[in-house]
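> return a 3D structure for these sequence lines:
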Amino acid sequence: MSEIPIFVFGSNLAGRHGAGAALWARENRGARYGIGVGHQGDSYAIPTKDERLKTLPLHRIGPYVTGFLVYAEKHPELRFELTPIGCGLAGYRPWQIAPMFAGAPANVVLPKEFASVLSPQPLSEEVK
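Residues are numbered from 1 along each chain as shown. Below you'll find the model as predicted:
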């Protein structure tokens with residue numbers, strides 16, 4: 001596996017990496033201004049906003065997530081560290097986005113916000 005993990009962040013289709021995780025990716029991991037989708041340097045952009053910086057509906061984010069998961073599966077030599085995409089500036093909650101990453105390949109490290117949604121919760125003593 002690659003020594004430097006690939007930083008996976010939420011972006012916009014215009015590739016204006018001007019705030020949040022996208023700005024960090026541009027300044028630290030090689031995300032390129034003007035490219036809003038895919039692998040760039042040591043980062044990978046998944047759009048959660050459109051070209052005008054309006055939040056994309058979940059049904060439009062889903063295909064980009066699927067594309068990322070296919071890419072990750074085809075590149076087992078890379079390790080991908082996923083941020084809680086869509087849960088910052090785009091305004092979604094983890095329970096809305098995390099299910100898109102169910103069944104992610106082993107080389108995708110989920111953020112704790114998503115892992116807790118996808119992990120089965122133990123029954124409390126009251127429910128048993």
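> secondary structure class for the residue nearest the centre of the chain?
Nearest to the mean C-alpha position of the chain, counting by CA atoms, centre = their mean, stands I85 at 4.3 Å. Classification of I85 by DSSP: H, G, I helix; E, B strand; the rest coil places it in coil.
> got the phi and psi for it?
Per-residue torsions, I85: phi -60, psi 140 (degrees, to the nearest 10).
> for K74, same thing?
Backbone phi and psi, for K74 under degrees, to the nearest 10, turn out to be phi -80, psi -10.
> got it, and M100?
M100 has phi and psi values of phi -70, psi -20 when expressed as degrees, to the nearest 10.
> residues contacting the residue nearest to the centre of the chain?
With contacts defined as CB atoms under 8 Å, 6 or more residues apart in numbering, the neighbours of I85 are V8, F9, G10, A21, I46, T48, I97. Placement of C-beta: from N, CA and C, glycine included.
> could you do L23 as well?
With contacts defined as CB under 8 Å, 6+ apart, the neighbours of L23 are H17.
> what comes up buried for the one helix or strand it maps to?
Under the assignment given by DSSP states H and E, the secondary-structure element containing L23 is helix 20-28. By neighbour count with 16 or more other CB atoms under 10 Å, helix 20-28 contains the buried residues A21, A22, W24, A25, R26.
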